[in-house]
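Chemist: need the 3D shape of this:
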Amino acid sequence: MSTRAIVVRDDGGEVRAGVQQVELAGPGKGETLLAVTHSSLNYKDAMAVAGRPGILRGLPMVPGIDAVGRTPDGRSLVVTGAGLGERRHGGLAEQVVIEHATAVPVPEAYTPRQAAAIGTAGVTAALAALALRRHGAPDGPVLVTGAGGGVGGYAVALLSALGHRVVASTGRREALEEHLTGLGAAEVVDRLDPAPGRPLQQQRWAAVVDAVGGGPLVNAIAQTVPGGVVAACGLAASPDLPGTVLPFILRGVVLAGVDSVAIGQDARREAWALLVAHVPGDVVDRLTEREIGLGEVAAAADEVLAGRIRGRVVVDVRR
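Modeler: Next up is the predicted model:
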């Protein structure tokens with residue numbers, strides 16, 4: 001079975017990506033074929049398309065950690081994470097084989113395009129919000145780092161709708177201030193210092209949703225109040241955590257990791273239910289910067305990695 005897709009290949013020692021036909025194995029037990037209409041371009045996808053190491057488990061491979069489409073029996077489904085575009089062919093293709101247990105119905109509140117625009121970014125933001133609730137974050141301001149990106153934008157919109165006072169942190173403050181306040185941010189601040197500061201700093205945040213990692217995450221932890229909760233869900237700056245244990249043992253700060261890949265059906269449904277309840281379609285559209293076709297993915301990936309995209313890029317794989 002052949003399908004049109006973005007394929008990342010090893011071309012004589014150089015990794016290249018382009019639109020090609022790729023052979024798919026037929027669905028096995030517990031799997032089904034999804035006729036994809038929409039996917040999205042996440043930071044992880046951009047890294048894969050650019051040939052960055054650590055994303056794709058083998059080559060050739062179709063990237064794309066999100067997929068929205070229809071099954072042969074007519075069901076409209078959305079899959080996020082679940083190994084797509086990492087250990088198995090992903091959603092940047094006209095067809096993809098998915099596992100039944102990883103798919104959820106596209107909510108009636110959203111179109112397929114909007115479901116793709118939410119994708120892993122929105123689900124991750126919802127899981128982070130649920131982590132703050134589960135770990136009992138105290139009242140007070142919530143910092144969202146990397147607020148100009150997809151995860152950050154959805155976190156700002158969702159947390160503000162849930163009644164939190166959200167402070168949005170971005171390296172593009174002047175350009176994005178109006179956009180982020182429109183999503184519900186009470187305040188927009190510059191990105192945190194990438195160099196780790198003192199292990200205990202002025203107490204500022206009751207909770208943090210961090211999509212950046214590295215030094216900014218260390219500084220956010222150091223500024224979190226006693227008993228505060230930090231949900232770590234990204235590594236756009238760095239996967240390193242060059243800090244100390246002092247905020248955890250002297251302030252009781254909780255560092256909650258957010259996994260958006262290997263999560264069960266119940267967690268997926270809970271995340272989507274939270275989004276449906278608090279993030280209407282017009283907000284999803286506001287968070288979608290553009291829609292592109294498969295042939296435009298490589299160029300858009302460079303923009304994503306350079307931090308020039310505001311929010312989300314939807315891919316109509318039929319184009």
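Chemist: now do the buried residues in stretch 252-260.
Modeler: If you call a residue buried by 16 or more other Cβ atoms under 10 Å, then stretch 252-260 has these buried ones: Val253, Val254, Leu255, Ala256, Val258, Ser260. Using the backbone N, CA and C atoms, a C-beta is placed for each residue, glycine as well.
Chemist: and the third one, its phi and psi?
Modeler: In this entry, Leu255 is assigned phi and psi values of phi -100, psi 110 (degrees, to the nearest 10).
Chemist: which one is it nearest to, not counting chain neighbours?
Modeler: Leaving aside its chain neighbours, Leu255 sits nearest to Val230 (5.2 Å; criterion: Cβ to Cβ, 6 or more residues apart in numbering).
Chemist: helix, strand or coil for that neighbour?
Modeler: Three-state assignment for Val230 (DSSP: H, G, I helix; E, B strand; the rest coil): strand.
Chemist: cross-check the contact I'm expecting between it and Ala207.
Modeler: Yes. With contacts counted by Cβ atoms under 8 Å, Val230 reaches Ala207, the gap being 7.1 Å.
Chemist: give me the more crowded residue out of the two.
Modeler: A count of neighbours by other Cβ atoms under 10 Å puts Ala207 above the other of Val230 and Ala207, at 32 against 28.
Chemist: so what's that one up against?
Modeler: Leu132, Ala137, Pro138, Gly140, Val142, Leu143, His164, Thr224, Gly228, Val229, Val230, Ala231 (Cβ atoms under 8 Å, 6 or more residues apart in numbering).
Chemist: what pLDDT does it get?
Modeler: Per-residue confidence (pLDDT) for Ala207: 98.
Chemist: what's opposite it in the beta bridge?
Modeler: Assessed by DSSP bridges, Ala207 has beta-bridge partners Val142, Val229.
Chemist: so how far is Glu178 from it?
Modeler: Distance of Ala207 to Glu178, computed by Cβ to Cβ, to the nearest Å: 25 Å.
Chemist: do Gly295 as well
Modeler: Per Cβ to Cβ, Gly295 is found 32 Å from Glu178.
Chemist: about what we covered before: common neighbours of Val230 and Ala207, please.
Modeler: Jointly contacting Val230 and Ala207 under the rule Cβ under 8 Å, 6+ apart are Thr224.
Chemist: just to revisit the earlier point, what sits against the residue nearest to Leu255?
Modeler: Counted by Cβ under 8 Å, 6+ apart, Val230 has contacts Ala207, Val208, Asp210, Leu217, Ala220, Ile221, Thr224, Val253, Val254, Leu255, Ala256.
Chemist: counting neighbours, what do you get for the fourth one?
Modeler: Read it as Leu217. Counted by other Cβ under 10 Å, the residues lying close to Leu217 total 27.
Chemist: hang on, it in a helix?
Modeler: Yes. Under three-state DSSP, Leu217 falls within a helix.
Chemist: the stretch 1-150 of the chain: helices as residue ranges?
Modeler: Here the stretch 1-150 of the chain has its helices, by DSSP state H, counting those that start in this stretch, at 43-49, 112-134, 150-161.
Chemist: list of residues touching the shortest one?
Modeler: Think helix 43-49. With Cβ under 8 Å, 6+ apart, helix 43-49 has contacts from 6, 8, 17, 54-56, 61, 63-65, 85-86, 90, 92, 120, 149-150, 234, 236, 297-298, 300-302, 304-305.
Chemist: now do 7 Å
Modeler: The contact list for helix 43-49 (Cβ atoms under 7 Å, 6 or more residues apart in numbering) reads 6, 8, 17, 55-56, 63-65, 85, 236, 297-298, 301, 304-305.
Chemist: many thanks, have a good one.
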